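Novice: Got a predicted structure here, sequence first:
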2 protein chains.
Amino acid sequence: MRIGVLFGGVSWEHEISIVSAITLKKVLGAKIENFIFVDRNHYFYEIPSHLMQASFFASENYKKCKKLSIDNAGFFLSSLFGKKYLHSDCIINLIHGADGEDGVIASLLDFYHIPFIGPRVESSVLSFNKYYTKLFAQSRGVKMLPFEVLREKDTRKSNLDFPLIIKPSRLGSSIGVSVANDAKEFDYALDCAFEYDKEVIIEPFIKGVKEYNLAGYKAKDFVFSIIEEPQKQDLLDFENKYLDFSRDAKTKNANITNTILEKMQDSFKRIYENCFEGALIRCDFFVIDEEVYLNEINPIPGSMANYLFEDFQKAIQELYENLPKKKNIPIDYQYIKKIQRAK
Amino acid sequence: MRIGVLFGGVSWEHEISIVSAITLKKVLGAKIENFIFVDRNHYFYEIPSHLMQASFFASENYKKCKKLSIDNAGFFLSSLFGKKYLHSDCIINLIHGADGEDGVIASLLDFYHIPFIGPRVESSVLSFNKYYTKLFAQSRGVKMLPFEVLREKDTRKSNLDFPLIIKPSRLGSSIGVSVANDAKEFDYALDCAFEYDKEVIIEPFIKGVKEYNLAGYKAKDFVFSIIEEPQKQDLLDFENKYLDFSRDAKTKNANITNTILEKMQDSFKRIYENCFEGALIRCDFFVIDEEVYLNEINPIPGSMANYLFEDFQKAIQELYENLPKKKNIPIDYQYIKKIQRAK
């Protein structure tokens, strides 16, 4: 299988996506046939593998690379002699945040009939917007912390008790997230979050809460990663989390009981089934009094959470072999013809 | 304002979209600069205005028209002398059903920075999938009928009382919808619905229930259409509804009390605000014992529900002038540079 890695995108996580793609190069090596970069103007570039270094992007030298166009069945190089198809069997959508995780890239790839690993448009919308994640998870019987939604014009108050954690509805990677211990901090936290989104989510902040990450996917059956207890400060800041996207060393399994493990895997299945097919996702959970709560769904985790899988190459291969198929829609103009005749 | 009308698409409602576009031509006339057709292979064609007739598509003569490509800022004609931009200030997304209403076209237009009237990707997903519409509406305090969801592999039973109405989760225009009066009919109805989607919605069927349609949009403020009581058989079949898409004659206001009117407008606002900005939508309501229930959200109603508006041209103009803006995301490679230095 020849893989194309799609990264960059217009999002607050643009740079993280670059780091993520460089890491995937280390992990998947020669299996990656093309690196396809989406710049801040939504132009596509083919980045030669040996130039996949952070400094190359920081200096904006990518602009010297060849531009690509997207069309039916794939990406193309334009030349004087016509269009040249960029061979790959499957794209990995590695655009974190907006574009990649909000359904835009999924739609683009779907529209052009390009096979890809990543969330589809529905599951993107449901996981990208934390408010809709709440509604969705609740409807599937998955526990979450209580929450409130505020929009820019709403009165700035909360019925939840301090300390609170305030997050933009549609961002990951801790950007714009802060903790408030009192009304003054709450007001400032809202200012920060509204920088990034018109809608924010407010939740109780539980200092020192146990947090666990579980990644997985469905091939013939569910395949789960090991469970990691992320090493963290009170709140991962963006730079720490940023470095997190460059991880390629295997991590160790968290020390939890079988009951908790089963509860997490059960919640994961409830979330994933009939929605996230085609994607490798990571669910982040809290454990409070032996109960499992979903914190968030990461439908394109940093460097695809490769470090959580025993055999990551196999994971990618299995995902590729089990991509969701759409029902065929015949278009035969029967109705128009019938109505023409009836006139 | 010069309008481009985008229609067709790969969906069960492909032909309806053609009828809808032909109707819009009658209503908007010279304001429409281009007709852009998406065929069953996702190729774009420019259809000259005088060829906008059902028979032209039924005979598949559209294939002789010029192919278009989509790129930054618009649609383009390719020629030996380079690319020629197809002028329009704003696209009306008139693709009903899949592609148009599921978020795919919205994503495509957003990705290429093309201004358009129609639902954005989030609101598309929430209105296209009837199951998510239920969760969304409930969360906004809008009443809906009780419901159940069934997937292909689930046991075929319902806890609701007969008669039931069975609908594919992701289709409009009555396609695949049927009423079941007993277990045998229920089984057959499920077969029908599963032809079109892997997921179906089951609701109580209330014979003779009062049904009303209200369209509207938000410009500076909310603008509502008149309220129509659709003339119907027990269940509109596809052909009747099909003809419905070609309506351009004004209709008359339904005879309802002010209380019901206000309840409908209130529900409409709850649905629309902070979600459907940029779109002209039609909400279909049931009224049972003086209470208003949302039946479904039509984010791209047939021929844009032009016949419900006093001044439809003004509606389009106002929508264009109030399209939602995205927050600007600066990409300056600060983080990568910082991390490079820290190494």
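Specialist: Yep, that arrived.

Novice: State which one residue of chain A is found closest to chain B.
Specialist: A:Ser107 (3.3 Å; C-beta to the nearest C-beta). Every residue, glycine included, has its C-beta placed from N, CA and C.

Novice: Unless I misread the structure, that residue falls within a strand.
Specialist: No: assessed with DSSP: H, G, I helix; E, B strand; the rest coil, A:Ser107 is helix; it does not lie in a strand.

Novice: tell me the contacts of the nearest residue to it once chain neighbours are set aside?
Specialist: Leaving out its chain neighbours, the residue that sits closest to A:Ser107 by C-beta to C-beta, 6 or more residues apart in numbering or on different chains is B:Ser107, at 3.3 Å. The contact partners of B:Ser107, taken as C-beta atoms under 8 Å, 6 or more residues apart in numbering or on different chains, are A:Gly103, A:Val104, A:Ile105, A:Ala106, A:Ser107, A:Leu108, A:Phe111, A:Val121, B:Val121.

Novice: dump the residue contacts of the fourth one.
Specialist: Contacts of A:Ala106 were listed using C-beta under 8 Å, 6+ apart, and they are A:Asn93, A:Phe116, A:Gly118, A:Pro119, A:Arg120, A:Val121, A:Ser124, B:Ser107.

Novice: cool, and the last one?
Specialist: For B:Val121, the residues meeting the contact criterion (C-beta under 8 Å, 6+ apart) are A:Asp102, A:Gly103, A:Val104, A:Ser107, A:Val121, A:Val125, B:Gly103, B:Ala106, B:Ser107, B:Asp110.

Novice: A:Gly278: which of those is nearest?
Specialist: Nearest to A:Gly278 among those: A:Val121, at 11.0 Å, using C-beta to C-beta.

Novice: Please name the nearest non-neighbouring residue to the closest one.
Specialist: A:Gly103 (4.1 Å).

Novice: Now do the contacts for the one you found.
Specialist: Counting by C-beta under 8 Å, 6+ apart, A:Gly103 touches A:Pro119, A:Arg120, A:Val121, A:Glu122, A:Ser124, A:Val125, A:Phe128, B:Gly103, B:Ser107, B:Val121, B:Glu122, B:Val125.

Novice: any chance of these in CSV, plus secondary structure and distance to B:Phe205?
Specialist: Formatted as CSV, the contacts of A:Gly103 follow (DSSP: H, G, I helix; E, B strand; the rest coil; distance: C-beta to C-beta, whole Å):
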residue, secondary structure, distance to B:Phe205
A:Pro119, coil, 35
A:Arg120, coil, 31
A:Val121, helix, 30
A:Glu122, helix, 27
A:Ser124, helix, 33
A:Val125, helix, 30
A:Phe128, helix, 35
B:Gly103, coil, 29
B:Ser107, helix, 35
B:Val121, helix, 32
B:Glu122, helix, 30
B:Val125, helix, 26
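
Novice: Could you save those as CSV and add columns showing pLDDT?
Specialist: Below are the contacts of A:Gly103 laid out as CSV (pLDDT from 0 to 100):
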residue, pLDDT
A:Pro119, 98
A:Arg120, 98
A:Val121, 98
A:Glu122, 97
A:Ser124, 98
A:Val125, 97
A:Phe128, 96
B:Gly103, 98
B:Ser107, 98
B:Val121, 98
B:Glu122, 97
B:Val125, 97
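
Novice: Any chance of CSV for these, columns distance to B:Pro168?
Specialist: As requested, the contacts of A:Gly103 are exported to CSV (distance: C-beta to C-beta, whole Å):
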residue, distance to B:Pro168
A:Pro119, 22
A:Arg120, 17
A:Val121, 17
A:Glu122, 14
A:Ser124, 21
A:Val125, 19
A:Phe128, 25
B:Gly103, 17
B:Ser107, 22
B:Val121, 21
B:Glu122, 21
B:Val125, 16
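
Novice: all strands of the stretch 201-343 of chain A, in order?
Specialist: A:210-218, A:222-228, A:281-288, A:291-298 (DSSP state E, counting those that start in this stretch).

Novice: For the stretch 51-200 of chain A, which residues are neighbours of chain B?
Specialist: A:54-55, A:57-58, A:60, A:69, A:71-72, A:98-99, A:102-108, A:110-113, A:121-122, A:125-126, A:129, A:132, A:135-136, A:139, A:151, A:196-199 (C-beta under 8 Å from any C-beta of the partner chain).

Novice: buried subset of those residues?
Specialist: Applying 16 or more other C-beta atoms under 10 Å in any protein chain shown to these, the neighbour count classes A:54, A:57-58, A:69, A:71, A:98-99, A:102-108, A:110-111, A:121-122, A:125-126, A:129, A:132, A:135-136, A:139, A:196-199 as buried.

Novice: In helices, which of these appear?
Specialist: For those, membership in helices holds for A:54, A:57-58, A:104-108, A:110-111, A:121-122, A:125-126, A:132, A:135-136, A:139, with DSSP state H as the criterion.

Novice: my read: A:Ile92 touches A:Met1, true?
Specialist: No: A:Ile92 is not in contact with A:Met1 according to C-beta atoms under 8 Å; the separation is 10.8 Å.

Novice: so what sits against both of these two?
Specialist: A:Ile316.

Novice: which of the two has more neighbours?
Specialist: A:Ile92 (25 against 12; other C-beta atoms under 10 Å in any protein chain shown).

Novice: what helix or strand is the more buried one on?
Specialist: Taking DSSP states H and E as the criterion, A:Ile92 maps to strand A:90-93.

Novice: Can I get that strand in CSV? Just the C-alpha atoms.
Specialist: Output of strand A:90-93 as CSV, limited to C-alpha atoms (Å, rounded to 0.1, in the frame of the first residue of the first chain):
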residue,chain,number,x,y,z
CYS,A,90,-4.8,5.9,0.3
ILE,A,91,-4.5,9.3,1.9
ILE,A,92,-3.9,9.7,5.6
ASN,A,93,-5.7,12.9,6.7
